[in-house]
Every structure is written in structure tokens, then in C-alpha cells.
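Student: build me a model from this:
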Amino acid sequence: MQCIMKKSHIRNEILARRNAMNNETVEMNSIIIAEKLYKIIMENHLKNIMIFMDMKNEIRITKILDMFSDRKFFIPKTFPDGVMKVTEYDREKLILHRFGYYESSSEDYADETLIELVVIPGVAFDRNRNRIGFGGGYYDRFLQNLKKKHDILNSRFPLTVAVCHDFQLLDSIPSEPHDEKPDIILTEINLISRLFISTNSS
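Tutor: Residues are numbered from 1 along each chain as shown. You can find the predicted model right below:
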């Protein structure tokens, strides 16, 4: 319970700071991070990419859609029972969710095991790659179920990359055993990986 309360406190503080950001800073950070993500996609020859539909002052990671014409993009669709499924991105099928982000109106759900990169949102992260999301647990459950599918198929789990503004990256945040850590965290200043940490990365 104490861990949940600490997470809630951090979530409220970070969201208040993010909501107060000006558009120019959000745009500048988003461009830098999208360019970093572009390099990761190119260097690892990733073709099937799951992104999130950014909202408010989140990193505008949908900029990556305009950087590629030969990749297939997927976006999440959430359900009241805590399940998250994936649909292929189609601009013509986007509808506004009640929480303020876009998702697909399609009920043609994709095979998640085809995805090679999952781009993950979050409210706060730390240098040990722990993550605080919005409290719904959608990404934790999605990634845990995806791991089980890949284990059955004996296939490769996708690369997971989280994106955020640098002030959302803290020295330490509370974590729980079920929390899923991204492989990489990208900010406009830092790149933190399970293999290395690079500051002022380009």
C-alpha cells in the first residue's frame, strides 16, 4: 500500500509539471526523441512497430509515422477489463477516446507476436529503468502476456523503448515485482539502456 501511495504522489507531481510545459518545449523535445528513435529503428532493421497515440504534453512520438513509408505501425486499444489489444495504424479509422487520446475504431486485431518494437509511454522513470504509468497496468499485463506467447513460440520478444521528457527521469522510484522494465529509456538528453547509460546522447 505504501508503494502505491508513493507512486501516486510521484504521478501527481510529474503530471502537474508536464501539464505546465509550453508547446515549444514539448515540440523541441519530441523532435529530438523521435530522431533518436528513428536511429534505433534503422540500426536494428525493425519493420513492425507499436507506438502509442500521444496526448496533451506527452512526447509526440507520432512524429515517427511521417519518417517512414516502408514500416508497419500498430497502436493499442484498451478495454474496461484491463486488456489491451493491438490494431494496425490507419489514420482514417482513428476515433477519440474519452481519456483524450486516439485509438482505432477497427476490431481487426493484429498478432502481437509480429511486433518487433514496442514504444512505451509513462509518467515517471528512474535510472534502473523502473516505470510509473497511469495506474491501469495495461502495459505491464500486455508485455507479460506477450512474453508468454513468445515463450510458447520460442520466438524473440520485441525491443521495448520508453520515451519521456528528461524531468520525468528520476534517480529512483518505487517498484513492484510485476512492473515491466523497458529495455531503453529515451529523453531529449539521456539514453538509458539495460546494457549502458549515455548522457547527452545524439
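
Student: so which residues of the chain form helices?
Tutor: Counting by DSSP state H, residue ranges of the helices within the chain are 2-19, 23-43, 138-153.

Student: can you pull the contacts of the residue most central in space within the chain?
Tutor: When the chain is reduced to its mean C-alpha position, the nearest residue by CA atoms, centre = their mean turns out to be I120, at 1.1 Å. The neighbours of I120, taking CB atoms under 8 Å, 6 or more residues apart in numbering as the test, are 52, 131, 139, 160-163, 182. Where C-beta positions appear, they are placed from N, C-alpha and C, glycine not excepted.

Student: and K77, by the same measure?
Tutor: With contacts taken as CB under 8 Å, 6+ apart, K77 has the following neighbours: 84-87, 103-104, 109.

Student: next one: L170
Tutor: Going by CB under 8 Å, 6+ apart, L170 touches 10, 124-127.

Student: who wins for neighbours among those?
Tutor: Of all these, F125 has the most neighbours under the rule other CB atoms under 10 Å, reaching 25 neighbours.

Student: returning to that earlier point: any chance of the helices of the chain in CSV with mean pLDDT and distance to K63 as columns?
Tutor: Rendered in CSV, the data for the helices of the chain read as follows (pLDDT from 0 to 100; distance: least, CB to CB, whole Å):
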stretch, mean pLDDT, distance to K63
helix 2-19, 89, 18
helix 23-43, 97, 4
helix 138-153, 96, 21
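
Student: so can I have CSV of the ones you listed showing distance to L96?
Tutor: Compiled in CSV, those are given as follows (distance: least, CB to CB, whole Å):
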stretch, distance to L96
helix 2-19, 19
helix 23-43, 20
helix 138-153, 18
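
Student: please enumerate the strands of this protein.
Tutor: When assigned using DSSP state E, the strands of the chain occupy the ranges 48-50, 72-78, 84-88, 94-96, 102-104, 117-120, 124-126, 131-132, 159-163, 169-170, 184-186, 190-193, 197-199.

Student: now for the ones you listed, which one comes closest to I14?
Tutor: Distances from I14 to each of these were compared using CB to CB; the shortest belongs to strand 124-126, at 4.9 Å.

Student: contacts made by the closest one with the rest, please.
Tutor: By CB under 8 Å, 6+ apart, the list of residues contacting strand 124-126 from outside reads 10-11, 14, 131-132, 162, 164, 168-173, 182, 185, 192.

Student: what sits opposite the residue nearest to the centre of the chain in the beta ladder?
Tutor: Going by DSSP bridges, I120 is paired in beta bridges with A162.
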